[in-house]
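Participant: What follows is a predicted structure for the sequence shown.
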Amino acid sequence: MKIAVLGGGNGSFAAAGDFALQGHEVRLWRRDAAQVAEHRAAGSRIVLKDSNGRHEVQLALVTSDVAAAIHDAELILCPAPAFAQPDIASRIAPHLRDGQVVFLPPATFGSMIFALAARDAGNRATVSFAETGTLPWLTRKHAPFEVAITIRAKRLPVGVFPLHAADRALAVIGRAFPGVTEPCGDALSAALMNAGPIIHPPLIVMNAGPIEHFERWDIHKEGTQASIRRVTDALDTERIVVREGYGYRGPHFPLADHYATEGEQWMYGRGSHDRLTDSGDWRERIVLREHRYMREDLRLGLSLLVSVAELAEVATPLAKAFLAIGGAICGEDFMAEGRSLGALGLGDLNRDQLQTLLREGFAK
């Protein structure tokens, strides 16, 4: 199938390389024209490393022209950080065409940002927007055009906006991720599967001392201690209670299953945490005020969680506490400046009206 991949980070290169390895026609879009020129000069190839060895794959197109990238693509995949979504959404909005599926893994309710951008651009094409609970690859770039995939996701809960279009959207996404996707309802249900705002805020806030002291620190190894795990589980309980407050049924993919050796298989399958830490790729320098765990998962992810919880009249004291502490670290008001329903333009809706919108979409 024809797939457009948007972005130039770890997830985008993993996606482009992996899809090309599967035999799909892949177009990679990046904003930076100079980096695009360098990639083209290198043959528009990606070196992908995984447990099966080293693979050199050919991309159909590497471009800074977003219209060319998404033209007649059946699937448009955007694994860029949530804070990059408004800009990318505005760029692709005028060019979307009937039948296309925009997939955001994960998204922090970014599917709504892309749908709103298309509506505001006056584009009335019948497009589906979907998101899931995690990036489908545990991955890091090792060089400008080289990416290592430590683990591929085994289960991807996917929600679709509008929900009435879910069957076709899931069929398209399933061709890119065969045997992996699981329908979880509407786009908000999928947003409330996002693991990043649950796992990363405790790790960066409760490890703030060693993160700022050591040149490199693996928050997933030395930073994942029993006390932090207990806090993570408690924060995850808040997420699950919010899901239940909207009537979403299980499985809720509790983060405890990511670390467990028995019970339900989590999104990355068994042993993924140990394989992640054993790879050494997550021993990295983290600048607290700048890192995406702070700017994306804490500021945007937890402000969304708190906002939708308030609409459902569900208490989220830990999420609010991490928002306050993260905001103090960065000298900002994360709740006021984050991704609340109000910031998305949905603040006037009650819960029933929001769920109707999620199901039916915008009026044509």
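Facilitator: Structure received.

Participant: Please count neighbours and contacts with C-alpha atoms only from this point.
Facilitator: Noted.

Participant: Residue 289 belongs to a helix?
Facilitator: No - assigned with DSSP: H, G, I helix; E, B strand; the rest coil, residue 289 falls outside any helix and is coil.

Participant: What sits closest to it if chain neighbours are left out?
Facilitator: residue 330 (5.4 Å; CA to CA, 6 or more residues apart in numbering).

Participant: burial measure for the one you found, as a count.
Facilitator: Counted with other CA atoms under 10 Å, residues neighbouring residue 330 total 15.

Participant: looking at this structure, which helix or strand is least sure?
Facilitator: When each helix and strand of the chain is scored by mean pLDDT, DSSP states H and E, helix 272-279 comes last, with a mean of 76.

Participant: mind checking how far the helix or strand just after that one is from the chain centre?
Facilitator: Proceeding N to C from helix 272-279, the next assigned helix or strand is helix 292, under DSSP states H and E. Distance, stretch centre to chain centre, for helix 292: 12 Å (CA atoms, centre = their mean, to the nearest Å).

Participant: repeat for stretch 183-200
Facilitator: 9 Å.

Participant: gap between the two ends of it?
Facilitator: 25 Å (CA to CA, to the nearest Å).

Participant: going forward can the numbers begin at 403, since that is how I track them
Facilitator: Shifting the count to begin at 403 puts that one at stretch 585-602.

Participant: Burial check on residue 454, number of neighbours?
Facilitator: 6.

Participant: What count of nearby residues applies to residue 427?
Facilitator: 18.

Participant: Could you pull out the buried residues of stretch 600-617?
Facilitator: 600-610, 612-613 (16 or more other CA atoms under 10 Å).

Participant: phi, psi of the closest residue to residue 434 other than its chain neighbours?
Facilitator: Sequence neighbours aside, residue 466 is the residue nearest to residue 434 in space, at 6.6 Å (criterion: CA to CA, 6+ apart). When read as degrees, to the nearest 10, the backbone of residue 466 gives phi -100, psi 10.

Participant: could you measure residue 654 against residue 747, distance?
Facilitator: Using CA to CA, we find residue 654 at a distance of 27 Å from residue 747.

Participant: Compare these two (neighbour count), which wins?
Facilitator: More neighbours surround residue 654 than the other of residue 654 and residue 747, with 21 against 11 (other CA under 10 Å).

Participant: isn't that one right next to residue 595, touching?
Facilitator: Yes - with contact defined as CA atoms under 8 Å, residue 654 reaches residue 595; the gap is 7.0 Å.

Participant: My reading is that residue 549 is in a strand; is that accurate?
Facilitator: Yes - checked against three-state DSSP, residue 549 lies within a strand.

Participant: if I pick the closest residue to it other than its chain neighbours, what's in contact with it?
Facilitator: Nearest residue to residue 549, sequence neighbours excluded (CA to CA, 6+ apart): residue 543, at 4.1 Å. Residue 543 makes contact with 411, 412, 415, 549, 550, according to CA atoms under 8 Å, 6 or more residues apart in numbering.

Participant: In JSON lines, list these along with neighbour count and distance to residue 618.
Facilitator: Below are those laid out as JSON lines (neighbours: other CA atoms under 10 Å; distance: CA to CA, whole Å):
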{"residue": "411", "neighbour count": "18", "distance to residue 618": "20"}
{"residue": "412", "neighbour count": "20", "distance to residue 618": "19"}
{"residue": "415", "neighbour count": "28", "distance to residue 618": "24"}
{"residue": "549", "neighbour count": "26", "distance to residue 618": "20"}
{"residue": "550", "neighbour count": "25", "distance to residue 618": "19"}
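
Participant: Any chance of the residues you listed in TSV with pLDDT and distance to residue 698 as columns?
Facilitator: Listed next are the contacts of residue 543 as TSV, based on pLDDT from 0 to 100; distance: CA to CA, whole Å:
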residue	pLDDT	distance to residue 698
411	95	14
412	96	15
415	98	19
549	98	22
550	97	23
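
Participant: Please tell me I have it right and residue 559 contacts residue 588.
Facilitator: No - using CA under 8 Å, residue 559 is not in contact with residue 588, being 10.6 Å away.

Participant: Distance check, residue 438 against residue 485.
Facilitator: Separation of residue 438 from residue 485 (CA to CA) stands at 22 Å.

Participant: Tell me which helix or strand the residue nearest to residue 549 sits in.
Facilitator: Going by DSSP H and E, residue 543 is in strand 539-545.

Participant: in that strand, what counts as buried?
Facilitator: Buried, per 16+ other CA under 10 Å, within strand 539-545: 539, 540, 541, 542, 543.

Participant: what's the lengthiest helix in the chain packed up against?
Facilitator: Criterion DSSP state H: the longest helix present in the chain is helix 628-647. Counting contacts by 3 or more CA pairs under 8 Å, 6 or more residues apart in numbering; DSSP states H and E, helix 628-647 packs against helix 598-608, helix 705-713, helix 719-732.
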